[in-house]
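S.K.: Here is the input, now give the coordinates:
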Amino acid sequence: MKQLEVHIMRQSYRLGCPEGQEARLMTAVKQVDDAMCGIRDTGKIRGRERIAVLAALNIAFDLLDVQTQNTALSQQADEAR
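M.R.: Residues are numbered from 1 along each chain as shown. Predicted coordinates for the structure are as follows:
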């Protein structure tokens, strides 16, 4: 397991990463950093923990949308066969 130092909202974190998955982890870090910075920059929410929870909820909501779309497409493909 490789150790990477990353920065999210200007704070440093040391994360374990499986070999060969560094680019994937960095993409995830960028997504989280962008989400958290976007929430922080609205100026409405203060506190790193609250920002992190809202960012996680937004990312989870987006993931659920993609999963729902994927399920619908899989069902359409099965019906077309």
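
S.K.: Next, please give the residue ranges for the strands of the protein.
M.R.: Assigned by DSSP state E, the strands in the chain fall at 2-8, 11-17.

S.K.: Highest mean neighbour count out of the ones you listed?
M.R.: Sort those by mean neighbour count, taking mean count of other CB atoms under 10 Å, and strand 2-8 sits at the top with a mean of 13. Using the backbone N, CA and C atoms, a C-beta is placed for each residue, glycine as well.

S.K.: Partner strands of that strand and their direction?
M.R.: strand 11-17 (antiparallel) (DSSP bridges).

S.K.: same question for the partner strand, mean pLDDT?
M.R.: Averaged across strand 11-17, pLDDT comes to 97.

S.K.: Check stretch 45-55 too.
M.R.: On average, stretch 45-55 scores 96.

S.K.: now what about it, what contacts it?
M.R.: 9, 11, 32, 35-36, 39-40 (CB atoms under 8 Å, 6 or more residues apart in numbering).

S.K.: Can you mark which positions in that stretch are buried?
M.R.: The neighbour-count check on stretch 45-55 (16 or more other CB atoms under 10 Å) flags 51-52, 54-55 as buried.

S.K.: residues touching Phe61, list them.
M.R.: Contacts of Phe61 by CB under 8 Å, 6+ apart: none found.

S.K.: which ones are touching Gly16?
M.R.: 1-3.

S.K.: Who does it form a beta bridge with?
M.R.: Residues in a beta bridge with Gly16, per DSSP bridges, are Gln3.

S.K.: For the longest helix that the chain contains, buried residues please.
M.R.: Criterion DSSP state H: the longest helix present in the chain is helix 48-80. For helix 48-80, a neighbour-count test (16+ other CB under 10 Å) marks 51-52, 54-55 as buried.

S.K.: ok, so of these, who is nearest Asp78?
M.R.: Comparing the buried residues of helix 48-80 against Asp78 with CB to CB places Ala55 closest, at 34.9 Å.

S.K.: what's the distance between that closest one and Val32?
M.R.: 6 Å (CB to CB, to the nearest Å).
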